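> Here is the input, now give the coordinates:
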Amino acid sequence: MIRALAVTISTRAAAGVYEDRSGPVLADLLREAGCAVDGPVIVPDGPAVEQALRDAVGAGYDVVVTTGGTGLNPNDLTPEMTRLVVDRDVPGIAEAIRAAGVAAGVPAAALSRGIAGQANRTLIVNLPGSTGGVRDGMSVLGQLLEHAVDQAHDGDHPRSNPAQ
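A predicted model of the protein is given here:
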């Protein structure tokens, strides 16, 4: 079973100013995708994101999915903090997530700066901070997750023709 961590990135939710709404949705969707889920862990924007991601990689999670901090606000630093942790980019995941949001009728999905990458054997994916953005993102990621985690753990590509 895939070990997953859901991380909500929000300074205000971390301070208790308002309730985290996207993190519980993310955790539920990861469970529906067949993951054993921890979280959501709530961290404020900025350097705490980097530390939470490094801790998750050190703990050996297969996948860490974040929600929040991917917009154009000057405090939205999730992609920058994620880049400090990942060893290899997986740009197709982030591109597909943005495209799915736009295709679902949310033009603002194109404004998400979320990235996806691999740190050691942990896949890290940034999703927007809205519940709709989480749903749209997980509709893409849920289809890729098992294969992506298998590949990150040195798995072979599935073949439909055994002679290949």
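> residue boundaries of the helices in the protein?
According to DSSP state H, the chain carries its helices in the segments 11-14, 22-32, 47-58, 78-83, 91-103, 131-152.
> Return the distance of the second one from the chain's centre.
Going back to what we said before, that points to helix 22-32. For helix 22-32, the separation from the chain centroid amounts to 11 Å (computed by CA atoms, centre = their mean, to the nearest Å).
> Which other helices and strands does it contact?
strand 2-9, strand 35-43, strand 63-67, helix 131-152 (3 or more CB pairs under 8 Å, 6 or more residues apart in numbering; DSSP states H and E). Every residue, glycine included, has its C-beta placed from N, CA and C.
> Quick one: mean pLDDT over it.
Per-residue pLDDT values over helix 22-32 give a mean of 98.
> could you give the angle of that helix to strand 2-9?
Here helix 22-32 runs at an angle of 170 degrees relative to strand 2-9 (axes from the mean of the first three to the mean of the last three CA atoms, to 10 degrees).
> hang on, the earlier thing: from the helices and strands packed on helix 22-32, which stretch is densest packed?
strand 63-67 (a mean of 29; mean count of other CB atoms under 10 Å).
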